[in-house]
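[1] Give me a model of this one.
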Amino acid sequence: MTEHSKTDGLPSTEVPASPQVLERAKLRNERMSGAKIECNACPVLCQISAGRVGACDRYANRDGLLVRVDPVVLLRRTLAQDEPLLVPFAPRGGDQDSVPWNGDLLHADQVFVTGVGSSTTYPDYKPAPFIVSSQVKGVDMVTVVTEGIFSYCSIKVKIDTDRYLGAEQANVRMKGEVVGHVTTAEYGSQMLSLGGVHHLTGGSKKEGRVTVDMMQALGNKQAVALTIDGGAQLVIQAGCAPIVNGVEEQRMRVGCGSAVVGIFARQFCGLVDEVVVLDDHITGVLTEHQAGRCLDMKPSGIEMGGRKSTPGRYFQVANPGNGWGGTDIADPLSIIEGWDPEVVWPGLRLLMTSTTGEHAAWYVLDDKLQPIEQNMPAEVRVIVDRIGENCEPSLCSVMFLGGAGGSLRAGVTENPVLLTRAIKQALVNVTCGGAPAFVWPGGGITVMSDVLRMPDNSFGTVPTPAIIAPIEFSMRLSDYQALGGHMTYVRSLEDVLRHGAWHNEGAPTALQWSELPQDNSWPLGQAPMLG
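    Below you'll find the predicted structure:
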């Protein structure tokens, strides 16, 4: 990462033997050495010496050409076992026999060009590098493919745990720099908001560099170590269990304490006299709960701490923490303030458990009405284990959230507001690396996508700093023409597969095949476009 536009003296690597996407360099800087080329793929405008790469590690100088050092990723519904994953485009005017497949056999419903490795529209007046025509179910389609340079972007992380991570609004840090904050907890999960323009560009240079590195790593499904002010130390990675204070989480709770009481009430009835399910949010008490009443369970006379909400449901029985049910409780009996002597009886059987079943204890009241811990009966243990069985594995979910600005939209049309309107009218399907993207309502184009559903290494960076992320807009060809699209740059899928981006000017380039993830729908042929 660098803060200036000259890459000489910066750590860099030799140009890879097989350049993969190329763009002619602009030699307009009269003071620049003749041995260098200027990269105009982002605002930094690196001046790159022969055999060296730019500050973003995405472009290099190879024989006076600006070389993209990673491939364009294309999706196919199914890859044959013997199909090469990395193959070159044919140079324009070159030997077409060098292409290792027959373009005539490729079908639009089998191939989708993603924005991963496609290059950008910077300096913003250029059309997108790929504007691909195809035909799906007899309908003429077009997909506009590019990489966006996102400053207004963030990472939203859902962490499945009841453990206390930190107070709402607490700073989240990486390498000592603030990179986000804790936001509102959701059902069984703690939420983080990371990145964003104020951390990327509104703080110190170090804060911006650390933030963009963190966002790139999380987007590319890598592990990141974070700390929360006044809270936990975390290791998070998309699709993996979170590590909280050095301990890997196992279970996401089946529900709050009240929900657990209700779900398993019928199974507990007859085997226990009282059940208390500890929870940081709502602690449930079975005999007071409506479920216990409907089952005609005898009141136990238990007197709970905390603030009673409705019958059998208690708030604030303890502080948040890493103990029972996401509280700071180590001794579950501490939340019991006493027993009504007119109701309770010796021999009362009491089960106390957490919302995940990870913590559970069995007590029987003695003649002095004191709960004495005993071995849990096997039939009760079966129910506690069932609570755990109903808890899904604890995972981290990582969502990329970005605003597609006017410059990105200019690569699609000369009148960007028409693209925005077409998306809101469901005429355009927006994807990120071919993965489904949720478009937020309201103004602009604010998209959100699950990074696990995107191709590997979908995200890059530029040292402004900003995130590079793929985005594609698919629509009917007639709709693209109506919104003022760059029609003279529309090229057939076969031509794109043979020659690469429109601006490669005859230089050899490469692509990489990737199989469509099973959870993803095919990006083309969505109902709003073809219905």
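
[2] alpha carbons only for contacts and neighbour counts from here, please
    Fine.

[3] Tell me where the stretch 51-200 of the chain has strands.
    59-62, 65-68, 72-76, 86-88, 111-113, 130-136, 139-150, 153-160, 171-174, 177-186, 189-195 (DSSP state E, counting those that start in this stretch).

[4] buried stuff in the longest one?
    Same thing as strand 139-150. Within strand 139-150, the residues scored as buried using 16 or more other Cα atoms under 10 Å are 141-150.

[5] rewinding a little: let me have the strands of the stretch 51-200 of the chain in TSV, extended by distance to residue 459 and mean pLDDT.
    Formatted as TSV, the strands of the stretch 51-200 of the chain follow (distance: least, Cα to Cα, whole Å; pLDDT from 0 to 100):
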stretch	distance to residue 459	mean pLDDT
strand 59-62	15	83
strand 65-68	14	78
strand 72-76	12	89
strand 86-88	19	54
strand 111-113	16	91
strand 130-136	18	90
strand 139-150	9	93
strand 153-160	12	98
strand 171-174	19	98
strand 177-186	18	96
strand 189-195	14	97
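
[6] out of the ones you listed, nearest to residue 486?
    strand 130-136 (8.2 Å; Cα to Cα).

[7] So which other helices or strands are in contact with the closest one?
    When contacts are defined as 3 or more Cα pairs under 8 Å, 6 or more residues apart in numbering; DSSP states H and E, strand 130-136 sits against strand 139-150, strand 491-492, helix 493-499.

[8] got those as TSV, with distance to residue 184 columns?
    Below are the helices and strands packed on strand 130-136 laid out as TSV (distance: least, Cα to Cα, whole Å):
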stretch	distance to residue 184
strand 139-150	25
strand 491-492	47
helix 493-499	45
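
[9] Give me the number of neighbouring residues for the residue nearest to residue 335 when sequence neighbours are not counted.
    Of all residues not flanking residue 335 in the chain, residue 305 sits nearest, at 5.3 Å (Cα to Cα, 6 or more residues apart in numbering). Neighbour count for residue 305, taken as other Cα atoms under 10 Å: 16.

[10] Quick check: residue 305 touching residue 339?
    No. With contact defined as Cα atoms under 8 Å, residue 305 does not count as touching residue 339 (11.5 Å).

[11] still on that earlier bit, list just the nearest of the buried residues of strand 139-150 to residue 470.
    The closest of the buried residues of strand 139-150 to residue 470 turns out to be residue 147 (Cα to Cα; 4.4 Å).

[12] That closest one: what's it in contact with?
    115-121, 468-471 (Cα atoms under 8 Å, 6 or more residues apart in numbering).

[13] just the helices in this protein please.
    197-201, 205-219, 257-268, 290-294, 378-389, 406-410, 416-424, 477-482, 493-499, 527-530 (DSSP state H).

[14] To residue 329, which of the helices and strands packed on strand 130-136 lies closest?
    Set against residue 329 and scored by Cα to Cα, the helices and strands packed on strand 130-136 come closest in strand 139-150, at 43.8 Å.

[15] And residue 284, how close does it get to residue 310?
    Per Cα to Cα, to the nearest Å, residue 284 is found 10 Å from residue 310.

[16] Between the two, which has more neighbouring residues?
    residue 284 (26 against 11).

[17] if I pick the more buried one, what's in contact with it?
    Applying Cα under 8 Å, 6+ apart to residue 284 gives the contacts 256-261, 275-278, 312-314.

[18] cool, residue 352 as well?
    275-278, 332, 360-362.

[19] which ones among these are found in strands?
    Those of those mapping onto strands are 275-278, 360-362, per DSSP state E.

[20] Take the residues you listed and write them to TSV, including pLDDT, distance to residue 46 and neighbour count.
    Compiled in TSV, the ones in strands among the contacts of residue 352 are given as follows (pLDDT from 0 to 100; distance: Cα to Cα, whole Å; neighbours: other Cα atoms under 10 Å):
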residue	pLDDT	distance to residue 46	neighbour count
275	98	67	23
276	98	64	29
277	97	60	28
278	96	58	32
360	97	61	20
361	98	64	19
362	98	68	20
